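Trainee: Provided below are the primary sequence and the corresponding predicted coordinates.
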Amino acid sequence: MPKAFLTGATGFIGGALLRELLARGWDVRVLVRASSDRRNLEGHTRAFERACGDLRDGESLRRAVAGCDTVFHVAARYSLWNPRPREIYEDNVDGTRNVLEAARDAGVRRIVYTSTVGVIKLPGEERAGDEDCLSRLEDMRGHYKRSKWLAERCAMELAAKGLPVVVVNPSTPVGPGDVKPTPTGRMIVDFLRRRMPGYTDTGLNLVAVEDVAAGHVLAAERGVPGRRYILGAENVSLRSVFDILSEVTGLPPPRLRVPRQLLLPIGALSSACALLTRRAPLVPWEAARMAQSHMYFYCERARRELGFVPGPVPAALERAVRWFRDNGYAGPGPARVKTRVRVPGWTWHRRGGSRAASSGPSPRRSSGAPGGSSARTRSSPPPRWSTRRRGSR
């Protein structure tokens, strides 16, 4: 079996990728910092290796990657607010260069670098971007996006020199294992705690974190070096996200619609106060700016070239809710999470021992042709629940 070196296994996407690799029978060695939260490394039925090291320590990376034939570089400092922004660049830019150079020196067969859809230029209001929508550094809002743009450029430059690196750009993953949690996970937790009084007119592309993990493996097996692939599923308005969460939990969705323009002064004031208190702002300035656009993306390249078939968003949100409640993030809530979300056009089947939604037969994520999706133009707005309906092709 192939042997993988994995960074970021203690995080959300990396933890899901570790589970995916082990389930497929891969031998895995993970990079672990001494200070890392290791909950995502617990409870596995198959053994894997742990290598102590740090993205900023090139020598520790060279030792850790030795003997591996595939590298998955998932680790990143994901934060929309940091009182020490230099740390973001040290981990995301310098750390990426260190990992890629260590992989090059070890002569690995394939490298998969985890970027983000945040580096893709959006073509316009409610229009979906794709891999060919190139951005400039000055287009990036905030330190996190700028650091990821610089890191992806580093990966592409090395790919142009012959390094076998494939880039994947996950959209917004949801599901189990969001230990930090991410900003999207925090939004779900706030909804469960009834701390989400309103919403704004924005939208995002959601995808199950398990499918993002499967997409990484497909990129290693089928991806073209020097090419990038968006790993996403459905373009959904924020209001629809809360409607789905309401169906899943039985809790009422927020009804107050906050104008997008009002978020900017709120974000500025909240971030200014955070500089004084040294505590994370309620509404980070970067998040307020991001909410001014619909973060919609067109994901057909990964479907067509990798055979990437993402599952339905309602089921992914259900699994996220269940995990947050089971792990004490949001209290007990109702007696149990609803096991069937009544979303028009969706049928349900078993997936991994829990209920999951499907618009047809359960796809084989690791093989086969790309799955079907309804014919939509890139500029068309998203449907209320999902683009993948029963009987769609």
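Mentor: That came in fine, so what should we check first? Numbers count the residues shown, from 1 in each chain.

Trainee: part of a helix, is Arg50?
Mentor: No - with DSSP: H, G, I helix; E, B strand; the rest coil as the criterion, Arg50 is located in strand rather than a helix.

Trainee: burial measure for it, as a count.
Mentor: Here the number of neighbours of Arg50 (other C-beta atoms under 10 Å) works out to 14. In this view, the C-beta of every residue, glycine as well, is placed from N, C-alpha and C.

Trainee: Kindly report the same for Asp130.
Mentor: A total of 18 residues lie near Asp130 under the criterion other C-beta under 10 Å.

Trainee: What of the one 3 residues further on?
Mentor: A count of nearby residues for Cys133, using other C-beta under 10 Å, gives 18.

Trainee: what ranges do the strands span in the stretch 1-150 of the chain?
Mentor: Secondary structure of the stretch 1-150 of the chain, counting by DSSP state E, counting those that start in this stretch: strands at 3-7, 27-32, 49-52, 70-73, 110-114.

Trainee: Rebuild the ones you listed as CSV, extending it with mean pLDDT and distance to Ala233.
Mentor: Formatted as CSV, the strands of the stretch 1-150 of the chain follow (pLDDT from 0 to 100; distance: least, C-beta to C-beta, whole Å):
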stretch, mean pLDDT, distance to Ala233
strand 3-7, 98, 23
strand 27-32, 98, 25
strand 49-52, 96, 32
strand 70-73, 98, 20
strand 110-114, 98, 17
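
Trainee: Reformat the ones you listed as a markdown table; add distance to Ser246.
Mentor: Shown next, in a markdown table, are those (distance: least, C-beta to C-beta, whole Å):
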| stretch | distance to Ser246 |
| --- | --- |
| strand 3-7 | 36 |
| strand 27-32 | 37 |
| strand 49-52 | 41 |
| strand 70-73 | 36 |
| strand 110-114 | 31 |
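
Trainee: Now the spatially most central residue of the chain: closest residue in space, sequence neighbours ignored.
Mentor: Among the residues of the chain, the one closest to the centroid is Pro173, at 3.7 Å (C-alpha atoms, centre = their mean). Using C-beta to C-beta, 6 or more residues apart in numbering and skipping residues adjacent in sequence, the residue nearest Pro173 is Val209, 3.9 Å away.

Trainee: what sits against the nearest residue to Leu256 once chain neighbours are set aside?
Mentor: Closest residue in space to Leu256, ignoring its immediate chain neighbours: Gly198 at 3.4 Å, by C-beta to C-beta, 6+ apart. The contact partners of Gly198, by C-beta atoms under 8 Å, 6 or more residues apart in numbering, come to Pro254, Arg255, Leu256, Arg257, Val258.

Trainee: ok, now Asn40?
Mentor: By C-beta under 8 Å, 6+ apart, the neighbours of Asn40 are Ala9, Thr10, Gly11, Phe12, Gly14, Gly15, Leu18, Gly177, Val179.

Trainee: go again using 10 Å as the cut-off
Mentor: 8-12, 14-16, 18-19, 30, 176-179 (C-beta atoms under 10 Å, 6 or more residues apart in numbering).

Trainee: With Lys3 instead?
Mentor: Lys3 makes contacts with Leu21, Trp26, Asp27, Val28, Arg29, Glu49, Gly67, Cys68, Asp69, Thr70, Val108, as judged by C-beta under 10 Å, 6+ apart.

Trainee: Buried subset of these as a PyMOL selection?
Mentor: Selection command for PyMOL covering only the buried members of the contacts of Lys3, criterion 16 or more other C-beta atoms under 10 Å:
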select buried, resi 21+26+27+28+29+68+69+70+108
